[in-house]
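Asker: got a sequence here, can you build the structure:
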Amino acid sequence: MLIRAISGNKIFIAILLALFLHSQNSLSQIPANQITVTRILFVLDASSSMMEAWSNTSKITTARKIIGDLADSLSGEPDVQLALRVYGHQFPSPENNCEDTKLEVPFASHNAITVKNFLNTIKPKGITPIAYSLEKSADDFPHDVRSRNVVILVTDGVESCTGDPCAISLKLQQQRIFLRPFVIGLNMNPASFESMNCIGTYFNAESPDALKSIMKTVVDRVLSSGSVQVNLLDKDGKPLETDVNMTFTDHATGIVKYNFYHTITDRGVADTMQLDPVSEYDLLIHTLPSIKVEHLVFTSNKTEVVNVPASQGFLKIVLEGKTINNNLNSKIKVLVRQAGSDETLIVQNLNESIKFLSGKYDLEVLTLPRIQIKNVDVNQSTTSTVQVPLPGVISISKTYQGIGSVMLQDGDALVKIYQLNENSNNETIGLQAGNYTLIFRSKFSKKSTETITKKFQIKTGETTSIKL
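Answerer: Next up is the predicted model:
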């Protein structure tokens, strides 16, 4: 009834709006619990070396059977699609064809028979263009933001051509084409570990039985969920610290995967968080200073426990006495650094309590002049209060606007600490107790000899007035 009531032009506009909203939603980041399909692309080596004997059979025969069996086992999964790309099977090795790769079975559901039928036709003959095959695999996956894209590379050799499979793999991961690949070597030389592990998570199957076990492990990780419990330990090693935000990033790409705020459940234990077990993660805990834990790998259907020492206490910075000018509290800031470090952790306000990891800190109080306070202790579950000497105030009134500076008398030397506002007739400045010199010239004067110099003393909690 509603559609009939809309004119033709309005229907057209409504359709365009719906298409626009759909495209906007498809470009948005989709939460993990809204993933609708997992796509697994098998990339199979069919180079000439795959004809070599392996136990009582050949490498290619073993690979055919195990991939075929896995395809059978996954055929009943409603949210899984399989595809098969093969390289080294179209041109003989003397031709050294570095583009010998082809998507032989495109993604589809319940296509185990198609995958197995093609596996049985493969005759290894060529070389090993891994980088080019990975690069071409980017076009194998349908453009669908609601999918998890997984590559399982099965090979018995390293790159034969000039390509860099590690760089290609990283690039495609950064472009979110697929997650970190699984690379399964068939009885490869241990010296190949570095060149293969940089492509993805690497396993080396030393026997056909080992290959079967590894493939099952990989597929279990792809299809299962993982979880983590992060225990933030106090000084006694008890997991009682909490209320800190945490970021899990993909270790290979640096892409942020999850953000959580740590909490403790009603049972008194750290809450568990669901993660995709395919990726390898780095964990950044946003304490002050932050804590980084690298190379976290999660097992499917298992809760991994990560224990992180994170004892914390509070730091509060106050003035020693009663403020004589209410604006001073908001104007004075404090730079907080770890003891001995030049990196500022945070700019803290006066009378503000902020939580830091237990340890020693250096403070730079942005008074005039600045005050350095070294090696302040912050201890577990306590508040360390640091008192800053109360400044005095100088009130300057000018007959004429002009340029001027406040100089600190440091022995016989003068150190410039403040530039007067040349467009203001009156200024009120908070200064720490000490001896100062004011140097001023009217901006209407054209003679340097008409510069005014006035010495004055600032006392804690008192106001000094100067008329220029």
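Asker: number of nearby residues for Val336?
Answerer: 21 (other CB atoms under 10 Å). Quick note: C-beta positions are derived from backbone N, CA and C, even for glycine.
Asker: who does it form a beta bridge with?
Answerer: In this structure, Val336 bridges to Ile346, Leu363 when assessed by DSSP bridges.
Asker: looks like it contacts Thr344 (just checking).
Answerer: Yes. Counting by CB atoms under 8 Å, Thr344 is a contact partner of Val336 at 7.0 Å.
Asker: any residues in contact with both of these two?
Answerer: When CB atoms under 8 Å, 6 or more residues apart in numbering defines a contact, no residue borders Val336 and Thr344 alike.
Asker: mind listing the strands for the stretch 301-450 of the chain?
Answerer: 303-309, 312-319, 333-338, 344-349, 353-357, 359-365, 371-378, 383-388, 392-397, 402-410, 413-419, 426-431, 434-442 (DSSP state E, counting those that start in this stretch).
Asker: closest one to Leu468 among the ones you listed?
Answerer: With CB to CB, the closest approach to Leu468 among the strands of the stretch 301-450 of the chain belongs to strand 434-442: 5.3 Å.
Asker: what residue ranges in this protein score low on pLDDT?
Answerer: 1-34, 322-330 (pLDDT under 70).
Asker: restrict the host helix or strand of Lys102 to CA atoms and write it as CSV.
Answerer: Using DSSP states H and E, Lys102 sits in strand 101-108. The C-alpha trace of strand 101-108 is given here as CSV (Å, rounded to 0.1, in the frame of the first residue of the first chain):
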residue,chain,number,x,y,z
THR,A,101,49.3,-19.7,-11.6
LYS,A,102,45.5,-20.0,-11.9
LEU,A,103,42.4,-20.0,-9.9
GLU,A,104,41.1,-23.4,-10.8
VAL,A,105,38.1,-23.6,-8.5
PRO,A,106,36.4,-20.3,-7.6
PHE,A,107,34.7,-19.8,-4.2
ALA,A,108,31.4,-21.6,-3.6
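Asker: list the contacts of Gln312.
Answerer: Here Gln312 is in contact with 234, 241, 287, 355-358, 378, 380-381 (CB under 8 Å, 6+ apart).
Asker: in the helix or strand just after the strand holding Lys102, what's buried?
Answerer: Per DSSP H and E, the first helix or strand lying C-terminal to strand 101-108 is helix 112-119. Within helix 112-119, the residues that qualify as buried are 112, 114-116, 118-119, counting by 16 or more other CB atoms under 10 Å.
Asker: so helix 112-119 versus strand 101-108, what angle?
Answerer: Going by axes from the mean of the first three to the mean of the last three CA atoms, to 10 degrees, helix 112-119 is angled at 170 degrees with respect to strand 101-108.
Asker: which helices and strands does helix 112-119 pack with?
Answerer: helix 59-74, strand 80-87, strand 101-108 (3 or more CB pairs under 8 Å, 6 or more residues apart in numbering; DSSP states H and E).
Asker: just say which of these is most tucked in.
Answerer: Mean neighbour count (mean count of other CB atoms under 10 Å) peaks for strand 80-87 among those, with a mean of 23.
Asker: pairing partners for that one, with directions?
Answerer: Partners of strand 80-87 in the sheet, by DSSP bridges, are strand 37-45 (parallel), strand 101-108 (antiparallel).
Asker: tell me which of those strands lies nearest to Ser300.
Answerer: It's strand 37-45; of the strands paired with strand 80-87, that one is closest to Ser300 (CB to CB) at 12.7 Å.
Asker: how far out from the middle of the chain is that closest one?
Answerer: How far strand 37-45 lies from its chain's middle: 27 Å, per CA atoms, centre = their mean, to the nearest Å.
Asker: following that strand, which helix or strand shows up next?
Answerer: Counting by DSSP H and E, what follows strand 37-45 is strand 53-54.
Asker: ok, the residue lying farthest from the centre of the chain to Arg441 distance?
Answerer: Most distant from the centre of the chain: Thr449, at 59.8 Å, with distances by CA atoms, centre = their mean. Here the distance between Thr449 and Arg441 works out to 9 Å (CB to CB, to the nearest Å).
Asker: contacts only, for the closest residue to Thr265 other than its chain neighbours.
Answerer: Nearest non-adjacent residue to Thr265, counting by CB to CB, 6 or more residues apart in numbering: Asp271, 5.2 Å away. Going by CB under 8 Å, 6+ apart, Asp271 touches 229, 262-265.
Asker: what residues does stretch 414-424 touch?
Answerer: With CB under 8 Å, 6+ apart, stretch 414-424 has contacts from 368-369, 396, 398, 401-408, 427, 429, 437, 440, 443.
Asker: you'd agree Leu103 is up against Asp140?
Answerer: Yes. Between Leu103 and Asp140 a contact is recorded at 5.0 Å, counting by CB under 8 Å.
Asker: which strand residues bridge Gln387?
Answerer: In beta-bridge terms (that is, DSSP bridges), Gln387 pairs with Val318.
Asker: count of neighbours near it?
Answerer: Residue neighbour count, defined by other CB under 10 Å, stands at 12 for Gln387.
Asker: repeat that for Lys447.
Answerer: Lys447 has 8 nearby residues by other CB under 10 Å.
Asker: do Ile152 as well
Answerer: For Ile152, using other CB under 10 Å, the count is 20.
Asker: which SS class is it?
Answerer: strand (DSSP: H, G, I helix; E, B strand; the rest coil).
Asker: show me what it bridges to in the sheet.
Answerer: Phe42, Phe182.
Asker: give the contact list for it.
Answerer: 40-43, 181-182, 184, 215, 218.
Asker: of those residues, which is the most crowded?
Answerer: Ile184 (28 neighbours).
Asker: so that one sits in a strand?
Answerer: Yes. Remark: Ile184 belongs to a strand, assigned using three-state DSSP.
Asker: tell me how far it lies from Ser213.
Answerer: 11 Å.
Asker: what does Glu95 give?
Answerer: According to CB to CB, Glu95 stands 36 Å off from Ser213.
Asker: ok, now Ser75?
Answerer: 21 Å.
Asker: domains in the protein, by residue range?
Answerer: Using automatic domain parsing, the domain parsing of the chain gives 30-223, 226-309, 312-388, 392-467.
Asker: pick the most buried one from these.
Answerer: Per stretch, and counting mean count of other CB under 10 Å, the top mean among the domains of the chain goes to domain 30-223, which has a mean of 19.
Asker: quick one: distance of that one to the chain centre.
Answerer: On CA atoms, centre = their mean, the centre of domain 30-223 falls 28 Å from the chain's centre.
Asker: ok, now stretch 385-398?
Answerer: On CA atoms, centre = their mean, the centre of stretch 385-398 falls 42 Å from the chain's centre.
Asker: how far does that stretch stretch from start to finish?
Answerer: End-to-end distance for stretch 385-398, by CA to CA, to the nearest Å: 39 Å.
Asker: just stretch 291-303 next, same as before
Answerer: End-to-end distance for stretch 291-303, by CA to CA: 21 Å.
Asker: centre of the chain to it, how far?
Answerer: The chain centre lies 15 Å from the centre of stretch 291-303; the measure is CA atoms, centre = their mean.
Asker: shared neighbours of Leu103 and Asp140, anything?
Answerer: Common neighbours of Leu103 and Asp140 (CB under 8 Å, 6+ apart) are 83, 85.
Asker: please report how far Val393 lies from Ile199.
Answerer: In terms of CB to CB, Val393 sits 66 Å off from Ile199.
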